[in-house]
Structures are given as structure tokens and as C-alpha cells.
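**Student:** Have a look; sequence and predicted model below, questions after that.
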Amino acid sequence: MARAAFSATAATACLALATPAWASATIGLKSAHQGKKAGYFTQQCDDERFANLPDDHDGWHFVLPGKNSGSFESLTLTFSDGTNDVTVNIPDGADAYPDFFYSTGGKDPRQIHAYLFTPAGWKLVDGSATISGTGDDFNVSHTCKGTVPKPTPTPTPTPTPSVSESPEPSESPSASESPETSESPSASESPSASESPTPSDSASPTTSPSGGTGGGSDLPLTGVAVTGMALTGVALVGGGVALMTLRRRRDRITFTG
């Protein structure tokens, strides 16, 4: 009976001592580290565990302080990429964000270090951790800030539209509708110069006003008319002279009864 009682007491004591080691607790991220980017924390890019960190990524090192905190079992972190919130779990080999735990070593190793790589410029919004011991919170130990890639200037349709919207110059009615200049009635309708028969008509009648025919090109006919008139005049003059002579002869004759 004494041995049985001693064994039961020893087993109960062992269970009591082992219970804290089996228990898990959930703690949060230190409030002072919430809403911060990697550049806010101490920079230790020479940390050998950042050796494979890409230049365009931020490296994060989280640590679990306190002797009774035990080890990290998992972490759930929330980041903001500037537009949306992104939840990242550690460990998680299925996502695009490399992560791993790192133990202390020695006789009583503890898994109190957690590493994570995220795209540069992300903001750590909040987080929680499941630990094997007890504690108040966990925090960011140090980081290695990456370089945020500059957005490549995509040949935006902004430049392209300027080329595609150029139909306005090609449709320039001012050039295609230039018939106004070709239809310049002032030049083509200058009949005043080409239809200047008035000067020629006024010149033709002055050269042959006595012709009576009005044809400037029929000059020979004008000569014939003048000659006829001259002959007629001579005949009339001759007739007049003959009549005067006959009358004088008649006056000289004396009639006797």
C-alpha cells in the first residue's frame, strides 16, 4: 500500500510538472511594432539568414522573448501591400513568401526565431503567434529593407492614344477643303480680263466709222464704197456744170416775134 501510494503521488507530481510544457498559448504582436514597414526597425542585412534575400524583398526576423515562453509553434501575420491586406502564415511552404524557424541550440534548444521574406515596401499591420509556453507578446528583432522596384513605364495608351488620336490632323478639313482657294472666283472668274471685248469693240468702230458695215476685218469693202461715192460726186458736179452751160446759152438766144 505504501508503495502504491508513493507511485501515485509521484505520477501526479510528474503530470503537474509536465502540464505547463504541454499547454499552448496565443499571444499578439507587440503594439509598438504594428503598422510599421521594414525600414522602421533596426537594419541587419548582414544576418547570415538573409543571405538568399532578393533585392526587391524585405527580410523580417521575429523573436519570442522570455524564459517561460517556450517555442514558436506558428505565426499568423497580416501585411498591407498598399492596396489590400495579405495574411501570411509561418510555417507555410505553399505560399510565395519564404519562411522558416530557427532554434537556439545548446542543451535546451528553443525555437524562438522566425524569418520571413515579403515583397519590399509591405507594411506589418498586426500578428499573432501560438507558443508552447506562456508570454505576453512577440516582437520584431531586426529587418533588412529591400528596394521597391520602380514601376516600369508601360507604353501606356496615353502615349499611344496621342498617336491614335492624331486623325484630327489627318482629317484636317482645312487642308482637304482648300478648294476654297482653288475655287477662288477672283482668279477664275476674271472674265473682266478675258472678256474684254469692250476695248476691242470700241477700237474697231473708231478705225472704220465711215464704212457703215461695222466690220473691222472688211477693209477692202470700205475702200470700194468710198470710190463709188467719189465717182457719184464727180458725175453730179459734171451734170451741174453742163446744166449751167446750157442755161447760159439759152439766155443768150433772142426770140423774135
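**Tutor:** Alright, I've got the coordinates. Bear in mind that the values here come from a model prediction, so they are computed numbers and not experimental data.
**Student:** So the spatially closest residue to residue 55 that is not a sequence neighbour: helix, strand or coil?
**Tutor:** Distance criterion C-beta to C-beta, 6 or more residues apart in numbering; nearest residue to residue 55, sequence neighbours excluded, is residue 147 at 5.4 Å. Where C-beta positions appear, they are placed from N, C-alpha and C, glycine not excepted. Secondary structure, DSSP: H, G, I helix; E, B strand; the rest coil: residue 147 is coil.
**Student:** Residue 120 is in contact with residue 147, correct?
**Tutor:** Yes - counting by C-beta atoms under 8 Å, residue 147 does reach residue 120; the two are 5.9 Å apart.
**Student:** what sits in contact with each of the two?
**Tutor:** residue 56 (C-beta atoms under 8 Å, 6 or more residues apart in numbering).
**Student:** Looking at these two, which is more packed in?
**Tutor:** residue 120 (21 against 12; other C-beta atoms under 10 Å).
**Student:** Please name the residues that touch the nearest residue to that one once chain neighbours are set aside.
**Tutor:** Nearest residue to residue 120, sequence neighbours excluded (C-beta to C-beta, 6+ apart): residue 146, at 3.4 Å. By C-beta under 8 Å, 6+ apart, the contact list for residue 146 reads 38, 53, 54, 55, 56, 57, 58, 59, 119, 120, 121.
**Student:** could you dump those to JSON lines with pLDDT, distance to residue 102 and secondary structure?
**Tutor:** Shown next, in JSON lines, are these (pLDDT from 0 to 100; distance: C-beta to C-beta, whole Å; DSSP: H, G, I helix; E, B strand; the rest coil):
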{"residue": "38", "pLDDT": "98", "distance to residue 102": "18", "secondary structure": "helix"}
{"residue": "53", "pLDDT": "97", "distance to residue 102": "14", "secondary structure": "coil"}
{"residue": "54", "pLDDT": "97", "distance to residue 102": "19", "secondary structure": "coil"}
{"residue": "55", "pLDDT": "96", "distance to residue 102": "22", "secondary structure": "coil"}
{"residue": "56", "pLDDT": "97", "distance to residue 102": "23", "secondary structure": "coil"}
{"residue": "57", "pLDDT": "98", "distance to residue 102": "18", "secondary structure": "strand"}
{"residue": "58", "pLDDT": "98", "distance to residue 102": "18", "secondary structure": "strand"}
{"residue": "59", "pLDDT": "98", "distance to residue 102": "13", "secondary structure": "strand"}
{"residue": "119", "pLDDT": "98", "distance to residue 102": "22", "secondary structure": "strand"}
{"residue": "120", "pLDDT": "98", "distance to residue 102": "22", "secondary structure": "coil"}
{"residue": "121", "pLDDT": "97", "distance to residue 102": "25", "secondary structure": "coil"}
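**Student:** Show the buried residues in these.
**Tutor:** Applying 16 or more other C-beta atoms under 10 Å to the contacts of residue 146, the neighbour count classes 38, 53, 57, 58, 59, 119, 120, 121 as buried.
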